[in-house]
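*Asks:* Curious how this folds, go ahead:
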Amino acid sequence: MKLKLFYLILLLFVGGCSLHKPQATPYADMPATYSAMTEAEGGLPLADHERWWQAFDDPQLNAVIAKGLAGNLEMEAAWARLRQAEALEGKENASFWPSLDLAGSGGLSRFSGSTTDAARYQGSLAAAYELDVWHKLAQRRRATSLQRQAADHELKAFYLSLAAQLAEAYYDVVELRERIDLNREMVASFAKTAELVAWRYRRGVAPSLDLYQARQSLLNSQAELPLLEAQLQAAENRLAVLLGVRPGRQEIGSLIELPDLQLSFAQGLPADLITNRPDIQAAYAGLQAADAQVAAAIAERFPSFKLTADYGGQSSELHSLLQSPNLFWNLLANMALPIIDGGRRAYEVEHKQALFAERAALYRRTVLEALQEVEDALVREYSVDANLDMLEERQQVTAATHRLALERYQQGLADFLPVLTAQNSDVTVRLALIAAQRQRISSRIQLARALGGSWVHDEVAAADQRRRTAAKIIVADP
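*Replies:* Numbers count the residues shown, from 1 in each chain. Predicted structure coming up:
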């Protein structure tokens with residue numbers, strides 16, 4: 001009978017049983033191309049600039065992003081979440097090893113009628129091991145491993161997002177500096193025009209209405225400067241927080257012009273997003289982890305088999321505890337079969353299956369949102385480029401109109417209203433031109449972020465090596 005029981009346990013242990021067929025499958029309904037396709041030539045492959053911001057050819061931007069990727073505090077939290085997932089994975093992996101405990105006890109006892117105390121000492125080694133017959137432990141281990149992978153992909157996704165946030169915040173500062181520079185230029189222009197009108201007014205060739213209108217335009221332009229400076233300070237504060245430093249003015253150089261970007265990024269194929277977007281990979285790893293949790297919950301409803309062993313000794317004298325006559329050993333095989341649990345295990349299976357369904361929906365949504373982000377970025381880039389071309393042509397016209405209207409006013413061939421109208425139109429168009437240039441940069445940044453990239457793998461690996469090296473230094477020299 002003992003031999004049959006042993007062979008039965010051995011057969012279950014070696015052969016195992018699979019109680020759950022994996023349900024997690026990659027998203028397969030990817031389109032062949034994007035709806036908004038760029039020209040086959042002229043696109044700048046992201047592979048040529050593993051770190052896409054280097055295509056902007058701006059050393060100051062490179063320095064800002066490098067500093068932000070190293071010092072951002074939310075990045076620190078993302079690294080901590082990865083370490084948590086790694087610790088949980090290690091904890092679950094330990095379940096595959098037998099446990100070994102050292103136990104000891106000692107005490108005195110006296111029986112009725114006795115006048116002396118009886119001493120008793122016992123020491124033993126206790127080992128236990130659970131046979132993973134139904135792959136319950138393996139599935140739990142797989143789930144934590146996939147959760148660790150998901151945390152790793154989420155960290156890489158945050159690197160993608162943070163690089164885009166830093167670039168956006170940097171160019172917000174640059175845009176506001178350029179708008180402030182334009183405002184000061186316009187104040188000087190309005191002041192010059194006001195002086196001209198005042199000169200003509202003093203000679204009786206211009207009405208007082210022209211003088212008041214000129215001064216009104218000058219004051220309106222001057223009143224905008226404090227608001228722009230406040231916006232600049234707020235933008236620099238936002239950039240500081242992203243860099244992981246105290247809010248305040250950021251010394252990022254004297255650049256006050258937005259770059260004139262030409263080549264865009266080649267978008268590749270939609271299927272590339274599966275490997276280039278870490279958020280998609282994180283969602284899929286989470287889906288697989290939920291599937292493994294379903295399998296573990298199902299296996300929990302089946303019998304569990306454990307082997308336990310004790311080896312030790314007991315004696316009335318401590319020095320003779322481990323002598324041969326006092327030694328003992330036990331070897332037991334235990335089986336536990338759940339019979340009545342109020343439906344707890346069945347409900348746990350339902351819970352894990354519902355969790356899997358949720359993760360499946362979130363995974364599909366992540367893929368669709370990634371496609372949407374690329375499509376939106378492409379459409380936005382086309383529209384911004386077209387708008388920018390028209391604004392540049394319009395600005396040439398408004399500048400010429402302003403110049404001619406001012407010349408005619410100086411010659412006494414026209415009144416002041418055409419000058420005022422042309423001047424305000426020129427300012428409006430120049431401000432719109434700055435905004436359009438900024439929108440072009442933003443669309444380029446968002447396109448690069450939406451397409452993803454492989455640079456995050458090298459970035460995370462290098463950062464991890466720096467962190468581990470720093471940890472060793474701290475341990476060696478506290």
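
*Asks:* and Ser124, which of the three is it?
*Replies:* strand (DSSP: H, G, I helix; E, B strand; the rest coil).

*Asks:* How about it: what's its closest non-neighbour residue?
*Replies:* Gly312 (2.5 Å; CB to CB, 6 or more residues apart in numbering). Just so you know, the C-beta spots here come from the backbone N, C-alpha and C atoms, and that holds for glycine as well.

*Asks:* and that neighbour, what are its bridge partners?
*Replies:* Ser124, Phe328 (DSSP bridges).

*Asks:* State the pLDDT value of it.
*Replies:* Per-residue confidence at Gly312 stands at 80 (pLDDT).

*Asks:* State the number of residues packed around His457.
*Replies:* 14 (other CB atoms under 10 Å).

*Asks:* One more: Gln439?
*Replies:* Neighbour number of Gln439 under other CB under 10 Å is 18.

*Asks:* what's the closest residue to it other than its chain neighbours in contact with, if anything?
*Replies:* Closest residue in space to Gln439, ignoring its immediate chain neighbours: Val384 at 4.7 Å, by CB to CB, 6+ apart. For Val384, the contacting residues are Ala436, Gln439, Arg440, Ser443, by CB atoms under 8 Å, 6 or more residues apart in numbering.

*Asks:* Roughly how far does Val384 sit from Ser35?
*Replies:* 17 Å (CB to CB, to the nearest Å).

*Asks:* again with Gln84
*Replies:* In terms of CB to CB, Gln84 sits 40 Å off from Ser35.

*Asks:* Repeat that for Pro226.
*Replies:* 45 Å.

*Asks:* do Glu393 as well
*Replies:* Taking CB to CB, one finds Glu393 at 28 Å from Ser35.

*Asks:* if we can go back for a sec, tell me who's in contact with the residue nearest to Ser124.
*Replies:* Ala103, Gln122, Gly123, Ser124, Leu125, Leu327, Phe328, Trp329.

*Asks:* in what helix or strand does the residue nearest the centre of the chain lie?
*Replies:* Taking CA atoms, centre = their mean, the centroid of the chain lies closest to Phe158, which sits 1.7 Å from it. Using DSSP states H and E, Phe158 sits within helix 136-202.

*Asks:* Would you check that His20 makes contact with Glu300?
*Replies:* No: with contact defined as CB atoms under 8 Å, His20 does not reach Glu300; the gap is 11.4 Å.

*Asks:* before we move on, back to that, with neighbour count, pLDDT and distance to Ala461 added, can I get the contacts of Gly312 in a markdown table?
*Replies:* Shown next, in a markdown table, are these (neighbours: other CB atoms under 10 Å; pLDDT from 0 to 100; distance: CB to CB, whole Å):
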| residue | neighbour count | pLDDT | distance to Ala461 |
| --- | --- | --- | --- |
| Ala103 | 11 | 81 | 45 |
| Gln122 | 16 | 80 | 52 |
| Gly123 | 18 | 77 | 49 |
| Ser124 | 19 | 82 | 47 |
| Leu125 | 13 | 85 | 43 |
| Leu327 | 14 | 79 | 53 |
| Phe328 | 11 | 75 | 53 |
| Trp329 | 11 | 79 | 50 |
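
*Asks:* Of the residues you listed, which pair is most distant in space?
*Replies:* Ala103 and Leu327 (14.8 Å; CB to CB).

*Asks:* what's the neighbour count on Asp458?
*Replies:* Count around Asp458 with other CB under 10 Å applied: 11.

*Asks:* Let me see the backbone angles for it.
*Replies:* The phi and psi values for Asp458, taken as degrees, to the nearest 10, are phi -70, psi -40.

*Asks:* which non-adjacent residue is nearest Ala70?
*Replies:* Looking at Ala70 with CB to CB, 6+ apart, the closest residue is Ala463, at 7.6 Å.

*Asks:* how much space is there between that neighbour and Ala370?
*Replies:* From Ala463 to Ala370 the distance is 24 Å (CB to CB).

*Asks:* Same drill for the two, tell me which one is more crowded.
*Replies:* Ala370 (22 against 16).

*Asks:* would you say that one is within a helix?
*Replies:* Yes: according to three-state DSSP, Ala370 belongs to a helix.

*Asks:* Which parts of the chain are helices?
*Replies:* 2-15, 59-71, 73-93, 136-202, 208-243, 273-276, 278-299, 344-410, 416-451, 455-476 (DSSP state H).

*Asks:* Out of those helices, which is closest to Asp260?
*Replies:* helix 416-451 (7.6 Å).

*Asks:* Show me how far that closest one is from its chain's centre.
*Replies:* 31 Å (CA atoms, centre = their mean, to the nearest Å).

*Asks:* got it, and stretch 359-379?
*Replies:* 15 Å.

*Asks:* For that stretch, C-alpha coordinates in CSV please.
*Replies:* This file holds the C-alpha atoms of stretch 359-379, laid out as CSV (Å, rounded to 0.1, in the frame of the first residue of the first chain):
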residue,chain,number,x,y,z
ARG,A,359,-7.0,43.2,-18.8
ALA,A,360,-8.0,41.9,-22.2
ALA,A,361,-10.2,45.0,-22.9
LEU,A,362,-7.5,47.3,-21.6
TYR,A,363,-4.9,45.7,-23.8
ARG,A,364,-7.0,46.1,-26.9
ARG,A,365,-7.8,49.7,-25.9
THR,A,366,-4.0,50.4,-25.4
VAL,A,367,-3.3,49.2,-29.0
LEU,A,368,-6.2,51.2,-30.4
GLU,A,369,-5.1,54.3,-28.5
ALA,A,370,-1.5,53.9,-29.8
LEU,A,371,-2.9,53.8,-33.4
GLN,A,372,-5.0,56.8,-32.7
GLU,A,373,-2.0,58.8,-31.3
VAL,A,374,0.0,58.2,-34.4
GLU,A,375,-2.9,59.0,-36.7
ASP,A,376,-3.7,62.2,-34.8
ALA,A,377,0.0,63.2,-34.8
LEU,A,378,0.2,62.7,-38.6
VAL,A,379,-3.0,64.7,-39.3
